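Undergrad: Give the three-dimensional model of this entry:
(one chain, ligands or ions: 2)
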Amino acid sequence: MQEFQGFPVSPGVSIAQALLLDREGYQITRSRVTTAERSSEAERLDRAFVSASEQIAKRTEQASEKQLGDIQGIFSAQQQLLLDPRLREEMRQLILRRSFSAQLAVSQVLNGYAQAFRRMGGTFLSERVGDIRDIERALLEQLGGAPTTSLSNLQSPVILFSHDLTPSETANLDKKFVLGFCTEAGGPGGHTAIVARGMEIPAVVGVGSFAQQIRGGMEVILDGYRGRVILEPDAQTKENYLRRSRDRQSFAVSLDALRDLPAITVDQTHVELLANIEFPSEVSAALSRGAEGIGLYRTEFLYLGRKEDPSEEQQYQAYCEVLKAVNNGQVIIRTLDLGADKLSTRHSVESEANPFLGLRSIRYCLRNPSLFRIQLRAMLRASLEGDLRIMFPMIATLNELRSARLLVRSVMDDLREEGYAVRHDVKIGMMVEVPAAVMMLDHFVREVDFISIGTNDLTQYTLAVDRGNEAVADLYQAVDPSVLRLISQSVKVADQAGIATSVCGEMSSHPAYALLLIGLGVRTLSSPPSALPQLKKAIRSVSLSQCQAIAERALRLETAHQVHTAVHDSFAALLPDMVQQI
Ligand code: PEP
Ligand code: MG
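TA: Numbers count the residues shown, from 1 in each chain. Ligands and ions are numbered 1, 2, ... in the order given. Now for the predicted structure:
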């Protein structure tokens, strides 16, 4: 029995066989061999080199017949790399001395080269990274590795182990067979984690290097509550996990009874509970968990993981589907928040040194008005179907807000000229997720109908911590006193101006933090559907003054750790039964 610790990003416990993918998405069926198998495994590697080399020679010949000089050049460069005896020797040594499987040896060695070339920079070396990846692919294919597409025809349940997963790869996982996933990279605030929570797939990220320990097919427990992964658990450990899962399930069933009851504190303060969704298909889960509406629809997921951008019509249909399903409740549709970790090949910006500070989100939309206009047209047309509200992400300056609003007005004029009926009272709001927006909020509130505090990015930009980077994940703390002050200040300014405030960052999905936010004056929380029943239970068990006491104490503290401890202690004292279940 061996254990890994990472960041818990999506609650739930799964027990299944491991499926290990290498960095290129190839399935590594076996990572270690026995001592007796070492030399036959090294011979298998030799044979794979011969076959891969023959395959590349054939490609070079075909390119030469077609007089494709450039391509011929690429293949002969790959051939040279493949014939370099040092490369094969490094892999052989990993097999012969350390019992690596041939697949793992290929993946480790070539990945090391790719990273070194990338670090050295320069165009010539960066181009070589592509060659290395091609060679890796050719060798792994010879060694029987199946490419990632095998994920779409899984036949039995697995827990996926991969170096990393993009948000759109995560969104495409087949929940029927992928019971959980674990990645070496990634931090708790990244969008991969958010998608996993939305899809309710238990997940642990940022575990660090695991490829050598995992064999495809070995039994594993993935504990998405505590961020633990246990390899080959013994019977007792497995039984403990199964028992805890049964307890949690019966607790979840007991919360179903609250579904149609309001989220009010014992002293009658109403807290509006809305849901965050990435896809229209999540609305039914949101409503069945008691959501009063949609507080954040992340529309960029319509654009990710598909060959072409969705047309105006397709977007219109998606927005109408959500509005009709929600049936008169509010639906806050956020305009495209592409960029940084949410990239599609069509919209990727020239490689940026600091993508989270780069051309992302509203900045990208304002630079690409034709793309933005299509989305705004679809939204404004759909607004006739219900209470649609438009929200702009990552607003940092008044100019951005004004430019975005001007575009809305101009799109409205176009639609009217084309004969469409257009509503004039569509509410327009902005996310508050950059400290600059908090500092200038007294001006912003004069020009928006509502604000929604995005604590995921607000934490990232306040503390200068990349939300998806496991190396600094311990610094990524939404309850850092600096972030709390910004939230508190935002709520006060919005209240004074009489405009609605919600919190839609992941912070609102933890019941203990939700009580803190309520104490800070927040009256609308938007969170992944799966979190709503627990939030309601917590809210209905406490008084407003208890929440205020939590907030007042937190605002006096000096470090994130102190706040975390104080808030959790208060929560445990107020809801001792619940603390065991979350
Ligand atoms: C946020 O930043 O808090 C937020 C809700 O938006 P996203 O997580 O999509 O960046
Ligand atoms: Mg954000």
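Undergrad: my guess is Phe571 contacts Ala514, does it?
TA: No - Phe571 is beyond contact range of Ala514, at 9.6 Å (criterion: C-beta atoms under 8 Å). Heads up, the C-betas are built off the backbone N, CA and C, glycines and all.
Undergrad: Partner strands of the longest strand along the chain and their direction?
TA: Of all segments of type strand in the chain, defined using DSSP state E, the longest is strand 13-20. Applying DSSP bridges to the sheet, strand 13-20 is found paired with strand 158-162 (parallel), strand 219-223 (antiparallel).
Undergrad: need the next SSE after the last one, C-terminal direction.
TA: In the C-terminal direction, the helix or strand that comes right after strand 219-223 (DSSP states H and E) is strand 228-231.
Undergrad: Look up how far ligand 1 lies from Ser250.
TA: Using C-beta to the nearest ligand atom, to the nearest Å, one obtains 31 Å as the distance from Ser250 to ligand 1.
Undergrad: joint contacts of Phe571 and Ala514?
TA: By C-beta atoms under 8 Å, 6 or more residues apart in numbering, Phe571 and Ala514 have these common neighbours: Ala538.
Undergrad: the more surrounded of those two?
TA: Neighbours were counted for Phe571 and for Ala514 using other C-beta atoms under 10 Å; Ala514 has more, 27 against 23.
Undergrad: Okay, and that one sits in which element?
TA: Per DSSP H and E: helix 511-519 holds Ala514.
Undergrad: which residues touch that helix?
TA: Residues contacting helix 511-519 (C-beta under 8 Å, 6+ apart): 265, 269, 271, 478-479, 484, 487, 503, 507-508, 525, 527, 531, 534-535, 537-539, 542, 544, 546-552, 554, 567-568, 570-571, 574-575, 578, 582.
Undergrad: What of stretch 227-238?
TA: Residues outside stretch 227-238 that contact it (C-beta under 8 Å, 6+ apart) are 1-9, 15, 18, 182, 204, 207, 210, 213-214, 218-223, 241.
Undergrad: isn't Leu415 right next to Val422, touching?
TA: Yes - using C-beta under 8 Å, Leu415 is in contact with Val422, at 5.1 Å.
Undergrad: Could you name every residue contacting both of the two?
TA: Shared contacts of Leu415 and Val422, defined by C-beta under 8 Å, 6+ apart, are found at Leu380.
Undergrad: Using the record's assignment, carve the protein into domains.
TA: Using automatic domain parsing, the domain parsing of the chain gives 2-27+148-250, 35-142, 259-579.
Undergrad: Which of those domains has the lowest mean pLDDT?
TA: Lowest mean pLDDT within the domains of the chain: domain 35-142, a mean of 81.
Undergrad: can you give me how far that one is from the chain middle?
TA: Its chain's C-alpha centre and that of domain 35-142 lie 32 Å apart, by C-alpha atoms, centre = their mean, to the nearest Å.
Undergrad: before we move on, what about stretch 515-530?
TA: On the basis of C-alpha atoms, centre = their mean, stretch 515-530 sits 21 Å off its chain's mean C-alpha point.
Undergrad: sorry, back to before: can you list the buried residues in the helix or strand just after the longest strand of the chain?
TA: Using DSSP H and E, the helix or strand that follows strand 13-20 towards the C-terminus is helix 38-65. By neighbour count on 16 or more other C-beta atoms under 10 Å, the buried set for helix 38-65 is 38, 41-42, 44-45, 48-49, 52-53, 55-56, 59-60, 63.
Undergrad: Surely Ala18 is in contact with Arg215?
TA: Yes - the criterion here is C-beta under 8 Å, and Ala18 meets it with Arg215 at 7.0 Å.
Undergrad: More neighbours: these two, which one.
TA: Comparing Ala18 with Arg215 by other C-beta under 10 Å, the one with more neighbours is Ala18, at 23 against 18.
Undergrad: Enumerate every residue touching that one.
TA: By C-beta under 8 Å, 6+ apart, Ala18 lies in contact with 158-159, 161, 214-220, 231.
Undergrad: Could you give the bridge partners of it?
TA: On the basis of DSSP bridges, Ala18 is bridged to Ile159.
Undergrad: picking up where we left off before, pull out the buried members of the contacts of helix 511-519.
TA: Buried members of those, counted by 16+ other C-beta under 10 Å: 265, 269, 271, 478-479, 484, 487, 503, 507-508, 525, 527, 531, 534-535, 537-539, 542, 544, 546-548, 550-551, 554, 567, 570-571, 574-575, 578, 582.
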